[in-house]
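Visitor: can you look at this prediction? I've put the sequence above it.
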Amino acid sequence: MQLNRTLRPAISALSVTTRSWPTVAIMVGSDLLALGLAGVLSVYIRLFLDGKYHPMLYWQLYPVLGLFILAYATVGLYPGVALSPVDELRWISLASSLIYLALGSATFLRREGEVYSRGVFLIAWGLSIILVLLGRTLMRRLFASKRWWGYPVMVLGAGQTGEMVIRTLKRRPGIGLKPVLVLDDDPAKHGTLYGVPVVGGVELAPALARSRHIPYAIVAMPGVPRHRLLMLLDRYGHSFAHLLIIPDLFGFSSLWVAAKDMGGILGLEVRQQLLLPGPRLAKLLMDLTCTLIGGLLVLPLIVIIAVLIRFDSPGPVFYGQTRIGQNGKPFKAWKFRSMVRDADKKLHDYLQSHPELRESWEKEHKLRYDPRVTGIGRFLRRTSLDELPQLWNILRGEMSLVGPRPIVDEEIWRYGEKFNLFTKVTPGLTGLWQVSGRNNITYEDRVNLDAYYVQNWSVWLDVYILIRTVWVVISGEGAY
């Protein structure tokens with residue numbers, strides 16, 4: 001099959017940037033700045049707590065920053081392309097922890113433990129992870145849309161899967177993979193796909209990869225027969241430094257899949273974290289520790305909110321609603337009351353006078369401007385502070401800090417076959433859908449995000465969601 005003639009001008013005009021060093025340089029610079037800032041802040045926090053402290057002792061440690069960069073490079077954090085946020089969090093945490101443990105051991109062996117403060121090391125340890133993550137997120141927001149960021153990608157397959165791959169990469173430039181060409185053997189699909197030219201059959205892959213210097217390919221043909229896939233990989237796979245194959249496993253776990261070589265047979269091992277006692281115990285301990293500490297810290301805020309609710313409108317401070325918990329067991333989830341007493345009547349009257357909103361209510365069970373919500377209730381909902389009483393549910397073991405959104409009986413039908421998956425874990429105070437658009441996404445998206453969370457659950461995913469939750473609450477993203 002030849003190159004589609006009508007698209008030859010588009011190919012001739014195609015300019016592909018293959019240099020990865022700008023992305024690497026920006027990420028390294030961001031990491032160095034974040035690590036240096038973490039060191040300075042930790043030293044001066046210690047100085048603030050103890051005026052007799054000597055911060056100049058730590059300047060001689062700044063060459064150690066190079067060890068962090070070496071560790072990050074070793075675990076694959078540069079250029080940071082095609083790296084999920086959860087994996088990035090995990091590798092940054094593990095690599096940083098390794099270096100800090102090595103520094104602590106070195107000072108102990110050299111008998112300098114009394115010179116360097118353990119408090120400084122502990123503060124710097126935590127700040128380093130947080131600031132490096134924030135720095136990388138900022139760099140992607142600033143530069144991911146630039147044409148020189150990341151890798152150019154050739155997509156093999158213009159079917160439904162190819163469309164999904166291109167749409168996802170276009171919508172999320174932070175992944176760092178830029179689709180520039182698509183190949184498909186079906187002439188009817190030649191043309192453009194979301195602005196990306198579909199120029200001919202897959203046999204053109206080696207020549208185009210060589211002439212356009214495209215190092216990355218994605219094989220988006222999950223339904224292709226086995227012998228056909230093996231032939232494609234054998235003939236064209238060696239033309240690319242990186243080859244990503246999309247398997248026919250949509251809807252399955254994706255974060256914790258590992259390739260296994262079983263005597264020359266390729267296997268995909270799926271680690272069911274929910275069945276492993278270690279991770280489940282870690283989740284329980286994290287829930288209890290964070291809830292006890294966090295509950296004590298926010299106790300004054302809880303008292304203030306309770307007083308404001310009493311003064312704002314008549315009615316109780318707390319509101320309990322029966323929700324579905326783990327294994328389908330019902331429980332009462334508590335919130336601060338954010339609605340007026342006669343909420344049902346008010347909603348009925350409002351929908352009667354605004355029939356155009358009834359369809360939206362029946363579909364999403366959400367109204368952007370809900371007449372039932374009180375003055376203080378709008379603030380509590382926008383900041384998610386109305387859910388603070390659910391800390392009590394967490395202590396009782398009915399909920400978790402992170403998990404699927406707790407639902408009522410009337411919502412079960414929306415989950416379909418995924419309902420059994422939903423009930424495998426305890427519902428969460430926050431979750432993946434809350435940090436992925438919240439009220440701005442459809443109900444179907446919520447269900448899919450809840451299913452993704454259960455299938456890909458791990459302590460690292462929980463930590464990532466908790467970090468994202470802080471930003472969502474501060475920014476008010478998707479709240480109304």
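Guide: Everything's here; your move.
Visitor: make it CA atoms for all contacts and neighbour counts henceforth
Guide: OK.
Visitor: quick one, helices of the stretch 101-250 of the chain?
Guide: Assigned by DSSP state H, counting those that start in this stretch, the helices in the stretch 101-250 of the chain fall at 118-143, 160-171, 205-212, 226-236.
Visitor: output the below-cut-off pLDDT ranges for this structure.
Guide: 1-18, 51-57, 109-115, 249-254, 275, 356, 360-365, 439, 476-480 (pLDDT under 70).
Visitor: what does the domain assignment say about the protein?
Guide: When the chain is parsed with automatic domain parsing, its domains come out as 21-143, 150-248, 277-338+373-475.
Visitor: in CSV: those, plus mean neighbour count.
Guide: Formatted as CSV, those follow (neighbours: other Cα atoms under 10 Å):
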stretch, mean neighbour count
domain 21-143, 16
domain 150-248, 18
domain 277-338+373-475, 18
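Visitor: now those domains as CSV including distance to residue 261?
Guide: Converted to CSV, those look like this (distance: least, Cα to Cα, whole Å):
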stretch, distance to residue 261
domain 21-143, 21
domain 150-248, 17
domain 277-338+373-475, 22
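Visitor: of all those, which one is nearest residue 267?
Guide: Between residue 267 and these, the tightest spacing by Cα to Cα is seen for domain 150-248, at 12.1 Å.
Visitor: chain center to the closest one: distance?
Guide: 25 Å (Cα atoms, centre = their mean, to the nearest Å).
Visitor: quick one: end-to-end distance for that domain.
Guide: End-to-end distance of domain 150-248 (Cα to Cα, to the nearest Å): 26 Å.
Visitor: and what of stretch 216-236?
Guide: 12 Å.
Visitor: which residues sit against that stretch?
Guide: 151-159, 161-162, 165, 203, 205-206, 240-248 (Cα atoms under 8 Å, 6 or more residues apart in numbering).
Visitor: and stretch 266-279, by the same measure?
Guide: Residues from elsewhere that reach stretch 266-279 (Cα under 8 Å, 6+ apart): 253, 256-261, 280, 455-459.
Visitor: still on that earlier bit, so which of the helices of the stretch 101-250 of the chain is nearest residue 337?
Guide: Among these, helix 118-143 comes nearest to residue 337, with 33.9 Å by Cα to Cα.
Visitor: quick one: residue 334 is in a strand?
Guide: Yes: assessed with DSSP: H, G, I helix; E, B strand; the rest coil, residue 334 lies in a strand.
Visitor: isn't it up against residue 398?
Guide: No: look at residue 334 against residue 398 with Cα atoms under 8 Å: they stay out of range, at 11.0 Å.
Visitor: any idea which helix is longest in this protein?
Guide: helix 277-312 (DSSP state H).
Visitor: which is the next helix or strand following it?
Guide: Note on helix 277-312: by DSSP states H and E, the next helix or strand toward the C-terminus is strand 318-324.
Visitor: still on that earlier bit, using TSV, lay out the helices of the stretch 101-250 of the chain together with distance to residue 413.
Guide: Shown next, in TSV, are the helices of the stretch 101-250 of the chain (distance: least, Cα to Cα, whole Å):
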stretch	distance to residue 413
helix 118-143	37
helix 160-171	27
helix 205-212	46
helix 226-236	37
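Visitor: state the distance from residue 203 to residue 233.
Guide: 11 Å.
Visitor: same check, this time on residue 392
Guide: 55 Å.
Visitor: same check on residue 23?
Guide: 29 Å.
Visitor: check residue 208 too.
Guide: Distance from residue 208 to residue 233, by Cα to Cα: 16 Å.
Visitor: just give the closest residue to residue 31, not the sequence neighbours.
Guide: Among residues not flanking residue 31 along the chain, residue 132 sits closest, at 5.4 Å (Cα to Cα, 6 or more residues apart in numbering).
Visitor: same question for residue 391.
Guide: residue 291 (6.3 Å).
Visitor: quick one: residue 375 and residue 312 touch, right?
Guide: Yes: between residue 375 and residue 312 there is a contact at 7.2 Å, judged by Cα under 8 Å.
Visitor: where do the strands sit along this structure?
Guide: Along the chain, the segments classed as strands by DSSP state E run 151-156, 177-183, 191-193, 196-200, 216-219, 242-245, 257-262, 265-270, 318-324, 330-336, 400-402, 428-430.
Visitor: how about those strands in JSON lines, adding distance to residue 66?
Guide: JSON lines is the format used below for those (distance: least, Cα to Cα, whole Å):
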{"stretch": "strand 151-156", "distance to residue 66": "25"}
{"stretch": "strand 177-183", "distance to residue 66": "27"}
{"stretch": "strand 191-193", "distance to residue 66": "43"}
{"stretch": "strand 196-200", "distance to residue 66": "40"}
{"stretch": "strand 216-219", "distance to residue 66": "29"}
{"stretch": "strand 242-245", "distance to residue 66": "28"}
{"stretch": "strand 257-262", "distance to residue 66": "30"}
{"stretch": "strand 265-270", "distance to residue 66": "35"}
{"stretch": "strand 318-324", "distance to residue 66": "50"}
{"stretch": "strand 330-336", "distance to residue 66": "48"}
{"stretch": "strand 400-402", "distance to residue 66": "35"}
{"stretch": "strand 428-430", "distance to residue 66": "37"}
